[in-house]
Structures are given as structure tokens and as C-alpha cells.
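Q: need coordinates for the following:
(chains A and B)
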Amino acid sequence: MATAQPNTPFATTGRSRHGEPWVWLTAGGLTLGVIMALGLFVLILVKGTWSFWPRRIDLMEVSTNGVVEKIAGYITQESERRDAEGMLHEEIQVFRGNRDLNGEAFKYIDRAHILKTSRPESLLLVERLEYGPAIVHGVALVTPDGRVEASAPEFDQALEQTLAAGRETRARLLRIERRQIGAISREMEALGRAERSGTVDPQSAAARTAELQKQFETLQAEAAKLRAGLAESSFIGITADGREMTFPAGSLLGVFASNRADFGERIAEMAHRVWKFLSEDPREANTEGGVFPAIFGTVVMTLVMSLFVTPFGVICAIYLREYARQGHLVRIVRISVNNLAGVPSIVFGVFGLAFFVYFVGGGVDRMFFSDKLPTPTYGTPGILWASLTLAILTLPVVIVATEEALSAVPRGVREAALACGASKWQTIQRIVLPASLPGILTGVILAMARGAGEVAPLMLVGVVKLAPSLPIDDIAPFIHPERKFMHLGFHIYDLGFQSPDAEAAKPIVYATALLLIIVVVTLNLTAILIRNRLKKRFATSSF
Amino acid sequence: MPATLPESRPDFIRVENFSFHYGEKQAIFDIDMAIPEHRVTALIGPSGCGKSTLLRNMNRMNDLIEGVRHEGDIRLNGISLYDPSVEVISLRKRVGMVFQKYNPFAKSIYENVVFSLRVAGRSRKSELDETVERSLKAAALWDEVKDRLHDSAFGLSGGQQQRLCIARAIANQPEILLMDEPCAALDPLATLKIEELITKLSDDYTIVIVTHNMEQATRCSDRTAFLYMGRLIEYGDTLQVFNKPSHPETEAYITGRFS
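A: Got it, this is the predicted structure:
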């Protein structure tokens, strides 16, 4: 019908059709953004998960320039390369371990040079304390009770026992060295300070020192005995190219028969590796072991930051929105607060170092810890100062969100409260704040997301590559806000760009990145859950 | 009918030569009127005539707006509202208010009613319980909500929410109840209930009600004041104002010739 009448009033005119390409453009822009974000996440997810999967070990016979060499390892990367004559080479990167023998843990091999590939079941992946994993054929286990050949049926059980004994001994050594000897040296240090300041008489101090010294020697002897015990057993293997390797039980972390394991065993091994990654301390310049201190540091710092920024930001916003006379001055303050969000984060780092660390921390040291000077206690970067610096960094987010939430509370509800005889503060405290709590929490969530991912300022105010102890532990006074800490974001930077073997660190970089995302998402989800529960409680009228 | 009306002081609220300005704009011009105790006084007039402004001055709600000033005085039982010794919080405890848009707090029904007691620092359980029952019964809501006092107030219907707001306004036993178009957001049935309630409440409270609804004014008010362009045009017994208006503007308005 419409075609019959060219002047139909409701026909699509050229003018309204004109705008449609913009719909496609905007939708295209959104799609591109979503694809990029999703792509990044999937890449990190796949690579991060893949790094834990126990792969099969190939035994390759490689001929280079007429020399045939046997190499055992798993393929970590494949690439193509054109040489000077334009010939295409398929190149693979193989992880072959044995860094102590070969110098490098990775080897690049031209596929054309591989003569033969097999997967012998005798190949074992040996994890040890130093030099990264080794790949060897199992030969035998030497214990004080005798030698067990790898071919013997009781070999697996004997190996498991040796590993368990090693784990237990290492745990005992750690306890002696960190806890007991640590306690003694702390007491001696305190005694020395007391002696200098004259609060304890030199005679009893000397007696106590001698006693401590004796305890210290006993513990050291015990530790030495344990260490000797660790060296008694050892595992012997032979590399693919025929060199014998001996691993003392003390340095042996685990042995996994990658080629013999079925699917279930590989899944179990993967779960075991993930658990170790999450729960252990890092080893070997952070390229091996776990990231537990970094997870702990990230979470604690983010929570402490929220603890500071939430009340401070909310108080600021209440004054700005509810009490201050809305004039030029308030407008200037508001613009300044918004601009604070645009200041490069490293500037906050410099500010934090100058103000919190040197000024506030130095002041605290002079007032309360003068007996320890010149060794600083609080006048040095630490987790408290890092949290405070990030709290200032994220303050604008909380202030802006809170102001929005406060102004969204309907005027009618405020008037009703005032008409009931409530004072202005009672109205804010009992009516306005509860109603704006979900909005405030949105601000806190955004602040946490921003704060947890920030690295640059932390490098100046408290993050270190390797922190010897956690900011919260079982040594009195249990909470140590002055301590330096590890952070997942900095860990990624450190592994990817500062580690001696960047190739070896690559899987752990992906895994750490994945973990950082998971930690941030978990923190946010928790906050969102809390907000939704509050929303239900303080749902505003639908009218 | 008049025989059953309770004792009434004829000038319980006195508005004396009262003018009011929002910044440059004058909203009320020199109004002078006396509002009797225990009666319902309706303020009618077209939008923007100053009736809500006048009402909101009776509990000094307009103090919240920046740049306002007033001339003249409003006296409550002889005491000036603007006397420096009058504390606005204690004033509002004596003058309850119900708003056009029902606005319960995001709290339980119980906590809504006892809010004025809580902010006054009274929190004895027995007193609160007693207040809730008395106020909700007075607002004709008790039977409908007595089993769910601790549920959210938002679960109630619009008419129930407005009656809850009335219960909240009278919880502290004020002397005066100001109502700013209390039925504007309600359906006819809920409106009827509120009107019945207003008539009943006038035994205990002095009620001043702003309304756009002529029938409502005739149904439930004893006195009616017609305001136009910020001036008090006519003020008298409701029946007289509606049946024999003495000013042509009043007649034009109540017969619906302008609004």
C-alpha cells in the first residue's frame, strides 16, 4: 500500500535512513572492544592454564652438521623462519631442563634436523631446589639401606618415601632456621639495644647473651645434622645424551613420569602444580616455586587501602555535598578532586615516598623507635605506606561515586526525616547514608579494581622482588605494617623483564597474570555481593 | 453536626501579615489569617498560588531553601515560629507533616513509625511498641499490617504507604498536622480512605491541608481558604465559600473556569 502512495506520511524518509551507518559504526566499535578484551582474557587463560599441564616428553635424535645428538624435552613453541636464501625452516623450541649441564634450559631445533622421535617411559621430569627441572632416565635410588634399581618393582614406593622424608626434613630445617634461630637473634638484638640505653645491667645481659649463644649453637648443630641426613640418600638418573646426574634427596622436590602417566594422573599432577603455585614461596629469582607471598601482599594491601579510602572518601563527599555552601570554592574543590584522578600514578608514588615514608614514617621513627635509629622502622617503604598512597590515588573515585549516590537520594525522603524532627546529621546518618550505601560501594569496588592493578607507585613505596616474611604472621605483634611486601602486578613485571631467564619465566608470567585477574575479580565479586545484599535491604521506593 | 465538634481556640495558628520571597520572586503577599484548633482547614487555589509555600512555612520547611526571606509572622498558640528561642527541631516535633508523594523510609514498617521517637533519643521497647500500635490504629492501618510490622515499608500499596506516612507524622503526637496534597498520588479508593482518616484525626489534631480537589475540600474540611497569585482572596466556612463565594475569582475557580 505504501508503494502506491509516494507521499505516505509514515514512509521511511531519506533523512532517517541517513543515520543508520552510524549505528553500524557504534556497534562495530563496541564489538571490536569486546573482542579485544575477550581475546586478551582468553589468551591469558589458555596460556596460564597450559603452563601447569604436564606434557609428554619427547626423545629426539637431532643431526646438526653431521653430529647426531639425543635431546629429551617437551615442545614449548613452534615457529617458522626464513633464512638468507629464502628457505623456510620450521623451528621448535624445546624445554630440555638440565640447566646445570647445558647452561640453557631451552633449545631451538630445526624440524628438518630431527631424525627420529620417541617417548620412552623411563624419562622422568625431576623437580629440584636449584637449576630448574631436570629430564633424565631414572637409574636408581641410593639410600642408607641400599640401592634400588629403577627397574625394580619397589622403586616407586622407595622414591615416594625418600621424597616424603625430604619434605619433612626441609620443613623442620625451615622451622629451626626461621623461627627458633630468628627468635634468638631478635632477642639478642633487643638485648644489645637495652644494654646501650642502660635499661639492663651489663652483667645479666652478658649472662643472657651467653645462654642465647649456647642455644644458638645447639640449634645450628641440629640443623647441620638434618642437612647431613638429607645428603645420605640420592636419586641417580642418566640424561638423554648419556651423562649421569645425582640428585641428593635434600634438593629433590618431586619426580613425575610424564610419559607413563594416564589422563587422571596428569590431571592430578596439574592440580598439584596449581596448588604448589598458589601456596608456596618463590624460588630461584622467582622463576620457580609459587607466588603465595605475592597473592597475600596484593590482597592485604588492597583491603587495607579500602579500609582507609572508604571512610575518608565518604566523609569528604558528605561535607562537599551536604554541608558546604555550593559556590565557587566548592566547584573549584570538586574540579580539583576530579583532576586528581588524572594525575599519573607514579606521581602519587613519589608523593607517597616523600610524605608518608620520609616525613610521616621518619617522624614515627624519631618519636617511638629512636633506640633503633639509624636503622629505620617505619621510615622505609612498607605495606602501610603503600596502602595509604593507593588510598590517596583512589580517593577521587570514592568521592565522586559517593557524591553521586548522595545526590540521588530523593529530596522527599530527606524532608520527611526533617519533618519528623530529625536534625540534619541524624537525617544524613539514618536515612541518606543507608540509602546511598550501594552507590558508595560501587565507588569502593571501582577503587579496589584500580588499586589492585596499580604497580608503578608501589615500586617506590613498599613493593619488593622478594620479601623474606609476610606482613601478617605468627610472630608477635602479628601485624607488621612496616614490612615490605610482594605484589602480583610487580611480580609480573619482575619475571617478564628482570629475570635472568625470560624464556623459563614466560609460563609463570602468564599464570601470574591470570592469577592477578582472578584475585581482582574475586575481590570485586565479594564487594558486589555485599552491595547487592545491601541493595535489597535498602531498596528505594519504586515510585 | 457542630454540636459534636470538640473545643476549639479560634486563632490557634495565626498568620500575621505574612509575606515570603524565594530570592527575587515573591510567593506570598501579606496574608493574614487565623486557623482554628481541632478543625480541618483547606488551602485551595491554582498551581503556583502559594498555598504549599504557606503550608511549608508552618513547620519552617522552607528554611532549607537558600535565599529565602519572609516578613510578618506566624504564631503557633501565641508563640512566634521565628522567635530566636524557637528551635526548629522541637518545632517540627509539634508540627507533623505529610507530603504529596508518599515517602516512607527504606526501613521496616515498625521503624518508619518510630523514627521520630528514635531521633528524639527515646528507645524504650514498651514505649515504641505502644506508639506503633496507637499510631497505626489512628492511621487505620493497624489491621492490615499488624502481622508484618518488620517487613519493608515498600511492600505496601500506595495508599497504605501514605497512611504509613500519616502514622509516622502523628507518632510523636504533634499538635498540628500539615498535609500537602496527601491524595495527589493515590487512586480514588485510597483517596476515600485518607479522607475518612482526615475527618477522624481532626478530633485530636489541628489539620491544615493543601488540595487541588474541590470535592475533597468540601468533603473533609471545616474551613477553606482560597489563595490566588500569592494573596488570600477568600477565607471562611467551607460550606459558605463553596455555596456563596463572595469574590468572583473564588467562584470562577471553584466552578472550574480556571485552574
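Q: domains in chain A, as residue ranges please.
A: In the domain annotation for chain A, the residue ranges read A:58-124, A:134-276, A:292-537 (automatic domain parsing).
Q: nearest to B:A27 among the ones you listed would be which one?
A: Taking C-beta to C-beta, domain A:292-537 is the member of the domains of chain A nearest to B:A27, at 17.6 Å. (C-beta placed from N, C-alpha, C; glycine too.)
Q: is any residue of the closest one near chain B?
A: Yes - using C-beta under 8 Å from any C-beta of the partner chain, domain A:292-537 reaches chain B at A:410, A:412-413, A:415-423, A:426, A:430-431, A:434-435, A:537.
Q: quick one, which of these are buried?
A: Among those, those classed as buried by 16 or more other C-beta atoms under 10 Å in any protein chain shown are A:412-413, A:415-422, A:426, A:430-431, A:434-435.
Q: and the helix or strand containing A:S204, what other elements does it pack with?
A: Applying DSSP states H and E as the criterion places A:S204 in helix A:202-232. Contacts defined by 3 or more C-beta pairs under 8 Å, 6 or more residues apart in numbering or on different chains; DSSP states H and E place helix A:202-232 against helix A:155-174, helix A:181-197.
Q: for A:A401, list the residues it contacts.
A: Residues in contact with A:A401 (C-beta atoms under 8 Å, 6 or more residues apart in numbering or on different chains) are A:G439, A:I440, A:T442, A:G443, A:V444, A:L446.
Q: I misspoke; the intended subject was A:Y358.
A: Contact partners of A:Y358, counting by C-beta under 8 Å, 6+ apart, are A:G379.
Q: wasn't A:G362 part of a helix?
A: Yes - the assignment for A:G362 (DSSP: H, G, I helix; E, B strand; the rest coil) places it in a helix.
Q: wait, it sits on A:T377?
A: No - A:G362 is beyond contact range of A:T377, at 10.1 Å (criterion: C-beta atoms under 8 Å).
Q: one step back: can you tell me which of the buried ones among the residues of domain A:292-537 next to chain B are in helices?
A: Judged by DSSP state H, these include A:G412, A:V413, A:E415, A:A416, A:A417, A:L418, A:A419, A:Q426, A:P434, A:A435 as members of helices.
Q: grab the two from those that are most spread out in space.
A: Taking C-beta to C-beta as the measure, these have their most distant pair in A:A419 and A:P434, spaced 18.3 Å apart.
Q: what number of residues lie near A:M245?
A: 19 (other C-beta atoms under 10 Å in any protein chain shown).
Q: helix or strand: which one has the nearest residue to it once chain neighbours are set aside?
A: If the residues on either side of it in the chain are set aside, A:M245 comes closest to A:G237, at 5.1 Å by C-beta to C-beta, 6 or more residues apart in numbering or on different chains. For A:G237, the host element (DSSP H and E) is strand A:234-238.
Q: buried ones in the helix or strand just after that strand, by neighbour count?
A: With elements assigned by DSSP H and E, the helix or strand that comes after strand A:234-238 is strand A:244-248. Buried residues in strand A:244-248, defined by neighbour count with 16+ other C-beta under 10 Å: A:M245, A:F247, A:P248.
Q: could you do stretch A:276-292 as well?
A: For stretch A:276-292, burial by neighbour count (16+ other C-beta under 10 Å) applies to A:276-277, A:281-292.
Q: surely B:P46 is in contact with B:A252?
A: No - the criterion here is C-beta under 8 Å, and B:P46 misses it with B:A252 at 10.1 Å.
Q: centre of the chain to stretch A:343-350, how far?
A: Chain-centre distance of stretch A:343-350: 22 Å, with C-alpha atoms, centre = their mean, to the nearest Å.
Q: let's see that stretch as CSV, backbone CA atoms only.
A: Taking Å, rounded to 0.1, in the frame of the first residue of the first chain, the C-alpha atoms of stretch A:343-350 are listed here in CSV:
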residue,chain,number,x,y,z
VAL,A,343,47.4,12.5,37.8
PRO,A,344,49.9,9.8,36.6
SER,A,345,50.1,7.2,39.3
ILE,A,346,53.9,7.4,39.5
VAL,A,347,53.5,10.9,40.8
PHE,A,348,51.5,9.5,43.7
GLY,A,349,54.3,7.1,44.3
VAL,A,350,56.8,10.0,44.6
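Q: that one - what's its average pLDDT?
A: Mean pLDDT, computed over stretch A:343-350, is 92.
Q: and it, what's buried?
A: A:S345, A:F348, A:G349.
Q: what about the strands in chain A?
A: For chain A, applying DSSP state E gives strands covering A:58-64, A:67-82, A:88-95, A:106-110, A:114-118, A:123-128, A:134-143, A:146-149, A:234-238, A:244-248, A:252-256, A:282-283, A:288-289.
Q: kindly compare burial across the ones you listed and name the winner.
A: Ranked by mean neighbour count, these are led by strand A:123-128 with a mean of 22 (mean count of other C-beta atoms under 10 Å in any protein chain shown).
Q: can you give the contact residues for that strand?
A: Contacts for strand A:123-128 (C-beta under 8 Å, 6+ apart): A:54, A:57, A:59, A:72, A:97, A:133-138, A:235, A:237, A:240, A:247, A:251-259.
Q: off-centre distance for that strand?
A: Distance, centroid of strand A:123-128 to centroid of chain: 26 Å (C-alpha atoms, centre = their mean).
Q: what sits against the residue nearest to the spatial centre of chain A?
A: Within chain A, one residue has its C-alpha closest to the average C-alpha position: by C-alpha atoms, centre = their mean, that is A:L488, at 2.6 Å. Going by C-beta under 8 Å, 6+ apart, A:L488 touches A:V291, A:A294, A:I295, A:G297, A:T298, A:T512, A:L515, A:L516, A:V519.
Q: and for A:A505?
A: A:A505 makes contact with A:N286, A:T287, A:L495, A:G496, A:S499, according to C-beta under 8 Å, 6+ apart.
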